[in-house]
Each structure stands twice: as structure tokens, then as C-alpha cells.
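S.K.: predicted model follows, preceded by the sequence.
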Amino acid sequence: MALLEVSGLVRRFRGLAAVDRLSFRVAEGQTVAIIGPNGAGKSTTFNLVSGLLGVDGGTIRFRGADVTRSPAHSRTRAGIGRTFQVVQPFVDLNVMDNVIVGALFGASASLGAARADANRLIELVGLGDKRFSGVSALTLADRKRLELARALATKPVLLMLDEVMEGLTPTEERDAVRLLSDVRAEGVTLLLIEHVMSTVRDLSDHVLVMDYGKKLAEGSYEEVAHDPKVIEAYLGTDTET
Amino acid sequence: MRRNLIAWAVFIAAVAVLPWLGVSNDRYLMLLANVMLMFMTLALSWDVVARTGQLSLAHGAFFGLGAYGVAIAHRTWALHPLVGIVIAACAVATVALALGVVTLRLRGIYFAIATLAFAEVLRTVALQFPDFTGGTVGIAMPPLFDGDRVLSYYLIGAIFVLALATSLAVRWTRLHYAVTAIRANETVAQVMGIDVVRVKVVLFVASATLAGLAGAFYMPFITHTDPNDAFDIGRSVASLVFPIFGGLYTTAGPVIGTILMRSLEEYLRVTPPWKEGYQVVYGLVIVVAVLFMPRGLLGLVQDLRLKRPDRRWAWRFSR
Amino acid sequence: MEALPQTLLFGILRSGLYALTALGLAISLGVIGVVNFAHGEFVMLGAFIGFWLYLTLSGVSGLGPAVSPLVIVIGLPLSAIVLYAIAAGVYRFTLRPVLRQPELNQMLLTFGLSILAVNATSIVLSPQAKDANLAWRFDLLELDFVNVTFARIAAFVVSAVLVGATYLLLARTKLGKQMRAVAQNRLGAQIVGIPIDRVYEFAFGLSAALAAAAGVMLIFQTQVSPFLGLGTLLKSFSIVVLAGLGNLAGVIWASLLLGLAEQLVSQYVPGGAALRDGLFFVIIFLVLIVKPSGLRR
């Protein structure tokens, strides 16, 4: 039984299918990357799986249960966590409290346990000395760390990361990959949307390529990188063939 | 947290002791004290729902519903006012639940519009059913505790303490994190596991019930009301101006804001050229607060005391 | 069933002013994205300008029956210009700084402005409601099965012309297209170089001008008082919610629906006159339960 099973997923916006009969599975312990050109429907898929958008067709099964109509907060409590492409920290709260929110409600912890978890996760992501900092004082890389810590606080079984590497310097990227490996080592299944191919190659054991809302190709990084359909989707056809 | 709660305990003690400081003999002063506690309850109740980021323009209407509830209960079943107050509060809670469940799952603007429409429709419809509400003539009932203003002071005092407790609970329990997250970003709050609609509905019902209790007290206290008085939009305005002026999302803010603004109001009401137009000051306060003083008086005082912006975070959330 | 043609006609005629007022609200909501709780006060101020004009013209001897049409012909442009200027000022000094703040603050601001305007008017002018004793308010046009005052016909005609003109403006002029672009996609509009600030200012001013025109026509139908804004605002909200936010074309249908529903309920439902005044709430509540996006597809 796959951890996450998406079948025939459809989502339309005013007649245009942003996600068009998409099906895929994620097994427990895997790291799956979803890649594809802009507008392929990757973020929409995340929104559908996390429950922020309703599906127009198809089903989503998580740990064997049908969560297609389940509200977002229930899915989080069931173990689906996510970060956002454009980081969205709670600006009225400091770093510590941001993470506590995740622990309190996503993991249904008591206040004391939530604080302990928050402290641990803040250390893990490297924000230890900025514990009581306001969000506005953080750099982009730090905000991404916060976003990750907060998502981890919800004790996800499946963690969906939306373009975590975007906007990071090469050093920050390396740190992020290392961090994600640590997270994976704790037993979290990762589903990533990524544009940075080195990350995809280093982290994922399975790659899904999307284009125009459909699954274009699937396989290991090597297989997918050499698939002519994929190359065409990203680069277009050679007019002089 | 403990320091905060002790301070409030002292405040409550002071409020309880007030009549024994020689005020109890002055009927006018006791009237003012009763009304002040009533408005502080109303202000605290509005602030509770504001913490979820919602703008309720119906708090005056819940107040009026509470008032009418008690009056009608008395007229229909000859119930003792205290029983009537409880029944009226339940009625208000039910209505608020219906309104909240429909509107709070949508964007905040729909909630605000719906509450305004609700407030106005109550007033106009109440005027149209004179058999039930007494129409423009209104409805009456015997005075609470036979007009003993000290006893009624303790009754509204108890209601005020309930409002205070609710406000403090939202601040010092995990609800604080929930509402702050909801206010900051509802979408992300959901993804963090918060049942946003439920939190909003629960707090809205609690808030409306408190406003209804204040109104339910008002009716036997004042012995007579009519739709234009009970459902006066001015009370909805007051319920939001007082907390905004004093400082939103705090417990002290609504209390201080009420004391200051209500005192000003007493003066303006009898002084030309303000008189009935005294609410123009309220309008001005709202506009100025949104533009220049979003955290109200308390926010202003804080900013003056902690000059370095980053320190604000440690202060705000250390327990 | 004799009353039916009269009822239907009244419903249609009333919907004219409803559409005019609601269109302004729909524009400020759709283009700028702000809920203007002070929109009713634009109508109210327009009505006061119309009333002032009525008083002035009535004092001029020899005008007699010409006062009614003159109030319209002079009042419409006058009130439109004055309210446009006021709205532009309000936009620049209070609304614009708040656009970056959360929705709650924006709503509070316009609500505060509404309270300010109502009470300031009450203090400076007078809280008492006044009647304009205009000929067209009472002179009837008697047709076969209906009697209708000139005032109602004039109100409908004026509304139809202004609403039609506004739609033309939105469809054909550069400014109109810019407004529509901004309403559809704020960020995209900025990227292609549309001067968003100017578009916002114009949209706000236009919404106020339309409201003011409706206000002038209102003095032929109802008492003028500082408090007439709230009822107008709520009816406009019910129309905008019914049509769906951003659906400017739907405003006409929704207005017709409200206008007809009010007359039909008041005429044929027992106790209907009382319910008619609550219809706006029923519409809002029902729409929010059933289909929050309104009539829009």
C-alpha cells in the first residue's frame, strides 16, 4: 500500500484543466520529486493534496484512507505537511511561536510538549540564536528554515516541499540538502517540487515530470533527464530536424 | 502571565469595592457605574471576535436581541429577570451560531456585510411587528431588583467578570496561538492543523453571547426600550470604537478605551454642537486609529517605552 | 390581479436607481478591491446637493414647474463633480495608505468614514429629515392600467442612461479597459504598465459620482436625511453579492430581481410590506448559503 495514492486527479479553473487526470503514488520512505515547466500544475497538485483546493475529479488516498473531501486541517493532523513556494510565516508571531503553532495544532501537542518540540526543531534547522526574532528580521534563507521547522512541528509522515531551493545561494542550497537528508533520515517521506536539478538528482529516488496538468514521464532522474519528451517540454523542439 | 492575572484580580476587587466608597448613595453615579461596566462588557466581547480578524458590525444588534429577549420572556411567561437573562443569552447564542456557520466559512468581507445587514434588518423588522415588539412605542418591564442600583451593579459586575475571563482565556490558553495564526494568514493556519472555521464560530458565538448578556441586563435595568434604542447602530459603533481606541487584541485596551471614551461621550452628549452627533468623534477615532494608531492607546504607550523595535517580540510573547 | 402590471412596473422602475447605486459599489469593490461602507454616504451627500439646489431654485420666482427638470439637469453634473472631487480626496488621503493593510483595516476605515460623514452632516446641517416639495414627485402620468409619477420615470431614465454610459465607458474607452484589466488581474495590470494608482482614484471617484447622481434622483422619492445612506448601502450590497463580486454586468439583473421581488412580496405576500424591508438581508443570507460566488458562473 502506497503512502500517498493520487488517481485521476482533475482540477479546472474556468474551463482550463490545471491538473488533468493525474495519477501517481508515493511509497513510504521514498523521496519523490515533481518537475516540469512553469504552469505545469505542480503547485496546484500540492494544493489539491494538502486540501487547500477542492478536486473536480479523481481521488486522493493517504495511508489507505480516502481524504479527497477531507478539510485541510484534518489532513495535516493525519500527517500531510507542506511548505509554500512563497514563504508564509505568521508575521505577528516570532520564530518560536510560529513553530509552536505547528506543534500545537498539527501534532496536537500540549503547550509544554509543543515548546520542547519547537526548541528542538529550531536548533535542527539552525535558527537557534534567532529564537525570539521577529519575522521581518530574518533573511530569505532563514525564513525558509522557519517554514521547514514549522512544517516539521506538525509531525508529518509525508512532507511536501514547494521549491525550497528557490532564491538560495549555492552554500545555502548545500545546507538545505543536508538538512533535508537529516529530515529524511528521521523517517519522513518527502515529495518535492523543484526546479534546481542538482537537488533533484542528489535527493530523489523517483522523479515525476508534469506538463499541461498531465504526467509526462516518470522514473529515476537519469531516465527522465534523457527522455526526449521531457527535453522537448523544457526546451522545445529543434526546428531544423 | 501570573502578574497579569494578579493585576486583574486587583482590578476586580477595586470594582467590587467601589459602591462602598460612598458612591452607593448617589443614584446618578451608580447609574454611570452600571452603564460603564455594561459597555466594558460590550467592548471586551467585540475584541474577542476581532482577534480572529473578523469585523462584526452586529454587536449592538446582539445587545438589542438580548434586551428584547428578556422583555418578551417576561411578558410571555412572567419569568424572573435573572431567568429571562439566561434564556435571552441562549437565544442570542443560537442566532449567532446560525449567522456564524453560514458566513464564517467565507471571506471576511461577507461576514462584515452580513453582520451589518443583520443589524439593520433586526431594527427595521422589529419596527414592523408592533404586536410582538411594541413597534415604535417599545416594550417595558419592571425594574431589576426593584431599582436597587447596587444589586444590579453586582449583577453586571458578574457579567463583566465573565467577559474579562473570556478575554483572558483567549490570551493565555492555546487559543492565543490559534487566533493570532488565523488573523495573520487563514490559509496557512489551516495547513498548520487549525480548524479555522470552528475557532471563528466558537469565538463569534461566545462574543455575541456576552453582548447579548449585556443587553439582557440593560432591559430590566432601564425598564423600557424600543427598536430604535435596542438596535441602535451607535452601540455597534461604540462596541468597536472603545477597543480600537484603547488597544485591540488586549484585555486592558477595551477596558481603558471604554472608560475614556464613554466619559468623553457623557460630556459631548450634552454639549452643543455635538449633542446627538457625538458619534462623529467615534468616526474620527476609527479613521485616525487605522491610519496612524493601529494598536490604539496601549500600542502608543508601548512604543514610547520600548524604543527599539526588535525588543517588541520578546516582550509580547514571553510568558 | 389588476395590481400586477402596476407592481411589475414599479419593480422595474425602482430597479433603475438600485442599479445605479449598486454599480458604483461594484466598481469600487471590483477594481480597487475595497468594501466601501461609506458608499451610502456618497448617495446621501448627492441627495443633499440636490435638495440645496431645489431650495435655491424654488426661491427663484417665475420658474414654477421647471424646477423639477432643472434640479435634475443641473443637479446631476453638479453633484457628480462635487462627489468625484470628495472621493478623489478621500482616496488619496485615507484609502490609498491603507491598501497595503489587511482587509479588516480597510473595512474599518471606510466604516469609520461612514460614521464620520453621517454625524458630521447631522451636526453641520441638521439631523431632521426633510421633504423636497417637487412637482414631479406627485404629478402622475396616467396610462391605461397604471399610474406612475414623473419622478419614477425620470429616475429610471436617468439611471438607464448613466448605467449605459458607464458600461460604454468600461467597454470602449482606454480608462475603462484599464479598469477592467485591474479588476481581473491586479499584478498583471501593473506589469503591463497600467498606472494603477490613477485607475484606483478614477474608479473611486466614478463610483461616488454615480452614487451622487442616484442621490439627486432620490429627493424625488423619499425624505432627505443624513441617515439615508445605510438602507441604500445594504440594498446595494445585496445586489453586488447576488451578482457576484467583480461581475459588473450581473448588477443589472440582480437589481431587477431585487426591485421586482420587493414589489411582489409587498403586494402579494401577507404581511409583505413588513418583509419587503428585510428582503435585502434575506437575499444576502440565501446567496451566502447556497452559492457564495453569486450569479456568476
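M.R.: Looks like it arrived, so ask away. Numbers count the residues shown, from 1 in each chain, chains lettered A, B, ... in the order given.
S.K.: the strands in the chain, which residues?
M.R.: Since no chain was named, I'll use chain A. A:4-13, A:16-26, A:31-35, A:57-62, A:65-66, A:80-82, A:158-162, A:189-193, A:206-211, A:214-219 (DSSP state E).
S.K.: my bad, chain C
M.R.: Assigned by DSSP E, the strands in chain C fall at C:140-142, C:147-149.
S.K.: in CSV, list those strands along with mean pLDDT and mean neighbour count.
M.R.: (Each C-beta comes from the backbone N, C-alpha and C, glycine too.) What follows is the strands of chain C, written out as CSV (pLDDT from 0 to 100; neighbours: other Cβ atoms under 10 Å in any protein chain shown):
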stretch, mean pLDDT, mean neighbour count
strand C:140-142, 78, 10
strand C:147-149, 83, 15
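S.K.: got a markdown table for the ones you listed, with distance to A:Val26 too?
M.R.: As requested, these are exported to a markdown table (distance: least, Cβ to Cβ, whole Å):
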| stretch | distance to A:Val26 |
| --- | --- |
| strand C:140-142 | 74 |
| strand C:147-149 | 69 |
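S.K.: can you tell me which of the ones you listed is nearest to chain B?
M.R.: Chain B lies closest to strand C:147-149 among the strands of chain C, at 24.1 Å (Cβ to the nearest Cβ).
S.K.: so what touches the closest one?
M.R.: Residues outside strand C:147-149 that contact it (Cβ atoms under 8 Å, 6 or more residues apart in numbering or on different chains) are C:Gln6, C:Leu9, C:Phe10, C:Leu13, C:Trp136, C:Arg137, C:Phe138, C:Asp139, C:Leu140, C:Leu141, C:Phe220.
S.K.: circling back: let me know which of the strands of chain A is tucked in deepest.
M.R.: Counting by mean count of other Cβ atoms under 10 Å in any protein chain shown, strand A:80-82 has the highest mean neighbour count of the strands of chain A, with a mean of 27.
S.K.: contacts for that one, please.
M.R.: Against strand A:80-82 from outside (Cβ under 8 Å, 6+ apart): A:4, A:46, A:49-51, A:62, A:67, A:106, A:151-152, A:154-162, B:191.
S.K.: chain C contacts on the stretch 1-150 of chain B?
M.R.: B:50, B:53-55, B:57, B:102-103, B:106-110, B:112-114, B:116-118, B:120-121, B:124-125, B:128-129 (Cβ under 8 Å from any Cβ of the partner chain).
S.K.: only whichever of the residues you listed are buried, select them in PyMOL.
M.R.: Buried members of those, defined by 16 or more other Cβ atoms under 10 Å in any protein chain shown, are picked up in PyMOL with:
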select buried, chain B and resi 50+53+54+55+57+102+103+108+109+110+112+113+114+116+117+118+120+121+124+125+128
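S.K.: of the residues of the stretch 1-150 of chain B next to chain C, which belong to helices?
M.R.: If you go by DSSP state H, the residues of the stretch 1-150 of chain B next to chain C have B:50, B:102-103, B:108-110, B:112-114, B:116-118, B:120-121, B:124-125, B:128 in helices.
S.K.: for the nearest residue to A:Asp56 once chain neighbours are set aside, list the residues it contacts.
M.R.: In this structure, A:Asp56 finds its nearest non-sequential neighbour in A:Val10, 4.7 Å apart by Cβ to Cβ, 6 or more residues apart in numbering or on different chains. Neighbouring residues of A:Val10 by Cβ under 8 Å, 6+ apart: A:Ala17, A:Val19, A:Asp20, A:Arg21, A:Leu22, A:Val55, A:Asp56, A:Gly57, A:Gly58.
S.K.: try it again with 10 Å
M.R.: A:Ala17, A:Ala18, A:Val19, A:Asp20, A:Arg21, A:Leu22, A:Leu48, A:Val55, A:Asp56, A:Gly57, A:Gly58, A:Gly213 (Cβ atoms under 10 Å, 6 or more residues apart in numbering or on different chains).
S.K.: is it possible to get JSON lines of these that adds distance to C:Asn36?
M.R.: Listed next are the contacts of A:Val10 as JSON lines, based on distance: Cβ to Cβ, whole Å:
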{"residue": "A:Ala17", "distance to C:Asn36": "37"}
{"residue": "A:Ala18", "distance to C:Asn36": "33"}
{"residue": "A:Val19", "distance to C:Asn36": "37"}
{"residue": "A:Asp20", "distance to C:Asn36": "40"}
{"residue": "A:Arg21", "distance to C:Asn36": "43"}
{"residue": "A:Leu22", "distance to C:Asn36": "42"}
{"residue": "A:Leu48", "distance to C:Asn36": "35"}
{"residue": "A:Val55", "distance to C:Asn36": "36"}
{"residue": "A:Asp56", "distance to C:Asn36": "34"}
{"residue": "A:Gly57", "distance to C:Asn36": "39"}
{"residue": "A:Gly58", "distance to C:Asn36": "41"}
{"residue": "A:Gly213", "distance to C:Asn36": "38"}
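S.K.: out of these, which comes closest to chain C?
M.R.: Each of the contacts of A:Val10 was checked against chain C using Cβ to the nearest Cβ; the closest is A:Asp56, at 14.4 Å.
S.K.: what is the burial count for that closest one?
M.R.: A:Asp56 has 14 neighbours, counted by other Cβ atoms under 10 Å in any protein chain shown.
S.K.: surely it meets A:Arg14?
M.R.: No - look at A:Asp56 against A:Arg14 with Cβ atoms under 10 Å: they stay out of range, at 11.6 Å.
S.K.: can you map out the helices along the stretch 101-250 of chain C?
M.R.: Assigned by DSSP state H, counting those that start in this stretch, the helices in the stretch 101-250 of chain C fall at C:103-124, C:135-138, C:150-172, C:174-184, C:186-191, C:196-218, C:229-243, C:250-268.
S.K.: then the first one to PDB, C-alphas only?
M.R.: Which is helix C:103-124. Only the C-alpha atoms of helix C:103-124 are listed here, as PDB (Å, rounded to 0.1, in the frame of the first residue of the first chain):
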ATOM      1  CA  GLU C 103      -8.800  43.800   4.700                       C
ATOM      2  CA  LEU C 104     -10.100  44.300   8.200                       C
ATOM      3  CA  ASN C 105      -8.400  47.600   8.500                       C
ATOM      4  CA  GLN C 106      -9.700  48.800   5.100                       C
ATOM      5  CA  MET C 107     -13.200  47.900   6.100                       C
ATOM      6  CA  LEU C 108     -12.800  49.600   9.400                       C
ATOM      7  CA  LEU C 109     -11.600  52.700   7.700                       C
ATOM      8  CA  THR C 110     -14.500  53.000   5.300                       C
ATOM      9  CA  PHE C 111     -16.900  52.200   8.100                       C
ATOM     10  CA  GLY C 112     -15.300  55.000  10.200                       C
ATOM     11  CA  LEU C 113     -15.600  57.400   7.300                       C
ATOM     12  CA  SER C 114     -19.200  56.500   7.100                       C
ATOM     13  CA  ILE C 115     -19.900  57.200  10.700                       C
ATOM     14  CA  LEU C 116     -17.900  60.400  10.400                       C
ATOM     15  CA  ALA C 117     -19.800  61.600   7.400                       C
ATOM     16  CA  VAL C 118     -23.300  60.800   8.700                       C
ATOM     17  CA  ASN C 119     -22.700  62.500  12.000                       C
ATOM     18  CA  ALA C 120     -20.800  65.500  10.700                       C
ATOM     19  CA  THR C 121     -23.700  66.100   8.300                       C
ATOM     20  CA  SER C 122     -26.100  65.700  11.100                       C
ATOM     21  CA  ILE C 123     -24.300  68.300  13.100                       C
ATOM     22  CA  VAL C 124     -23.500  70.800  10.400                       C
END
